[in-house]
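Provide a 3D model corresponding to the input given below.
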Amino acid sequence: MTYEAKTFDIPATPGISKETMDNHIGLYQGYVKHVNLIREAIATERDNGDAADNYALAEMQRRLGFEFGGMKNHEYYFTQFEGGAKQLPDGKLKELIEKQWGSVENWLERFKQIAKTRGVGWAMLYHDKETNQLVQTWVDEQQLGQLADVDIVLALDMWEHSYMHDYLSSEKGKYIDAFFDCLNWEVIASRLN
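You can find the predicted model right below:
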């Protein structure tokens, strides 16, 4: 089975240019392509039986984690814009945020601090079904630090390709603000259902 790049119905995103969004989607399509290429190369190498290069297989498996994380993280990222900006609805997500952080504003301030972590990666909000709690953290690159046995609720891409066409690296806070201004919170809240 091969993966197919998804299409996204993203309206204009004030503060994030169409050029940035189009280039970003092109990058996502590259992740999908490379996931398929690496999986094919792994299968081919394994078909070599005893002659298989175990070092090459190990390196391909390591790289698959990066490419696969890039593919899936971006699918969460782009679907958050579909349908245009919509406010956080009343319901489970809002209740959990308010229970854990006191208010949506308190949570948002903390999440934005995580997003400003130096380096490339993602600010992620997860839902732990076992404890019915939200957990947020920084993920290096695409895969390092992804939490186990939790579901992604919100994914904020903080690689430079997400904002450098529109903002200087010293202005990434403006990108973060634009990101939150463009989100469809109904899509995000539905991830808890």
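
This protein: strands as residue ranges?
Taking DSSP state E, the strands of the chain run over residues 121-128, 133-140, 151-157.

is it possible to export those to TSV including mean pLDDT?
Listed next are the strands of the chain as TSV, based on pLDDT from 0 to 100:
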stretch	mean pLDDT
strand 121-128	97
strand 133-140	96
strand 151-157	97
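
Among the ones you listed, which comes closest to Y3?
strand 151-157 (17.3 Å; Cβ to Cβ). (C-beta placed from N, C-alpha, C; glycine too.)

buried set for the closest one?
Going by neighbour count (16 or more other Cβ atoms under 10 Å), the buried part of strand 151-157 is I152, V153, L154, A155, L156, D157.

contacting residues for the closest residue to the fourth one other than its chain neighbours?
Spatial nearest neighbour of A155, chain neighbours left out: Y76 (4.0 Å); criterion: Cβ to Cβ, 6 or more residues apart in numbering. By Cβ atoms under 8 Å, 6 or more residues apart in numbering, the residues touching Y76 are I152, L154, A155.

tell me the two of the buried residues of strand 151-157 that are most distant?
Distance extremes for those: the farthest pair is V153 and D157 at 14.9 Å, using Cβ to Cβ.

Model confidence for the residue sitting nearest the centre point of the chain, exactly?
The chain has N73 as the residue nearest its centroid, 3.1 Å off, counting by Cα atoms, centre = their mean. N73 carries a pLDDT value of 97.

Could you do L57 as well?
Note for L57: predicted pLDDT of 85.

what's the neighbour count on it?
15 (other Cβ atoms under 10 Å).

How about A41?
Using other Cβ under 10 Å: A41 sits among 15 other residues.

can you check D166 too?
For D166, using other Cβ under 10 Å, the count is 16.

Just confirm it contacts K18, I think it does.
No - using Cβ atoms under 8 Å, D166 is not in contact with K18; the gap is 10.4 Å.

Just give me how far the longest helix along the chain sits from the chain centre.
Across the chain, the longest stretch assigned as helix under DSSP state H is helix 18-46. Relative to its parent chain, helix 18-46 has a centroid offset of 15 Å by Cα atoms, centre = their mean, to the nearest Å.

Okay, buried residues for that helix please.
20-21, 24-25, 28-29, 31-32, 34-36, 38-39, 42.
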